[in-house]
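> Fold the following for me, if possible:
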Amino acid sequence: MEREYGSGGAAIARALADRLGWKLWDEELTAEIARVANVDQTAVKKCEERVDSVLYRLFKVYARGSYERSLPVGESRAFDTDQAFATLEKVVKEVAQRDSCVIVGRGSTFILRNRPEAFHVFIYASVGEKVRRLKGIGKSEKEALQLIEDIDRDRAAFIRHYFSKEWPLRPLYNLMINSKPGDEYVVEMILSHIAASEKRTAAPAHT
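Okay, the predicted model is just below:
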């Protein structure tokens, strides 16, 4: 599941995973990336004292936007951005193979684009709706507007650099949906589209 910053994608992904009984990979994915990369708390503290390169900042901001509150503990400058991306790609592919799951952001749609069993969703919303949601988690209107602009711009730059594509790339998604009607509505719509997709896949071919 990819989403515009502030559209509520993280909460929708959590609710979707609960309804399906599937593993949610959001903050847990950041922790897994840190584990695989062998990143510790000391490295995090050192990272905080250094000026990030442009590409490292893009990787960091892309991860931060995942759950729309604060930077994850697992970020580190112990490895450069290309190494960080290689770890991300490896982890996303591995967790997708383990069990049915919901993966939030981090370019997972692009990483899993050749997996026919993957169902890709993009959540979007108007600026007004995104500001409303972000104010609900304590952001000021000014801060919300700045975050909406900055984080999605950096996400697009991240995808452009590593996949040479524009973000969002509409042909990759099975469903793109506005979160304005509410999280429950969006979850129901996703579930109905997944069911329809599974039914179509399971239908015998006509001869």
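
> List the buried residues of the helix or strand hosting Ala10.
Counting by DSSP states H and E, the element that carries Ala10 is helix 9-20. Of all the residues in helix 9-20, those buried under the rule 16 or more other Cβ atoms under 10 Å are 9-17, 20. For glycine as for every other residue, the C-beta is placed from the backbone atoms N, C-alpha and C.

> now stretch 162-179
Of all the residues in stretch 162-179, those buried under the rule 16+ other Cβ under 10 Å are 162, 167-169, 172-173, 175, 177, 179.

> swap in stretch 184-196?
Of the residues in stretch 184-196, those buried (16+ other Cβ under 10 Å) are 186-187, 190, 194.

> cool, and stretch 132-150?
132-134, 139, 144-145, 147-148.

> dump the residue contacts of Ile175.
Heads up, residue 175 is Leu, not Ile. Leu175 is in contact with 119-122, 189-190, 193, counting by Cβ atoms under 8 Å, 6 or more residues apart in numbering.

> tell me the two of those that are most distant?
Maximum pairwise distance among these (Cβ to Cβ): 14.3 Å, between His120 and Met189.

> was I right about Arg19 contacting Leu191?
Yes: between Arg19 and Leu191 a contact is recorded at 6.5 Å, counting by Cβ atoms under 8 Å.

> would you put the C-alpha positions of whichever helix in the chain runs longest in PDB?
As assigned by DSSP state H, the longest helix anywhere in the chain is helix 141-163. The C-alpha trace of helix 141-163 is given here as PDB (Å, rounded to 0.1, in the frame of the first residue of the first chain):
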ATOM      1  CA  GLU A 141      -1.900  23.700   9.900                       C
ATOM      2  CA  LYS A 142       1.400  25.300   8.800                       C
ATOM      3  CA  GLU A 143       3.400  22.300   9.700                       C
ATOM      4  CA  ALA A 144       0.900  19.900   8.100                       C
ATOM      5  CA  LEU A 145       1.100  21.900   4.800                       C
ATOM      6  CA  GLN A 146       4.800  21.900   4.800                       C
ATOM      7  CA  LEU A 147       5.100  18.100   5.500                       C
ATOM      8  CA  ILE A 148       2.500  17.300   2.800                       C
ATOM      9  CA  GLU A 149       4.600  19.200   0.300                       C
ATOM     10  CA  ASP A 150       8.100  18.100   1.400                       C
ATOM     11  CA  ILE A 151       7.500  14.400   2.100                       C
ATOM     12  CA  ASP A 152       5.700  13.500  -1.100                       C
ATOM     13  CA  ARG A 153       8.200  15.500  -3.100                       C
ATOM     14  CA  ASP A 154      11.000  13.500  -1.500                       C
ATOM     15  CA  ARG A 155       9.100  10.200  -2.000                       C
ATOM     16  CA  ALA A 156       8.800  11.000  -5.700                       C
ATOM     17  CA  ALA A 157      12.500  11.800  -5.900                       C
ATOM     18  CA  PHE A 158      13.400   8.500  -4.100                       C
ATOM     19  CA  ILE A 159      11.300   6.600  -6.700                       C
ATOM     20  CA  ARG A 160      12.800   8.600  -9.600                       C
ATOM     21  CA  HIS A 161      16.300   7.900  -8.400                       C
ATOM     22  CA  TYR A 162      16.000   4.100  -7.700                       C
ATOM     23  CA  PHE A 163      13.400   3.100 -10.300                       C
END
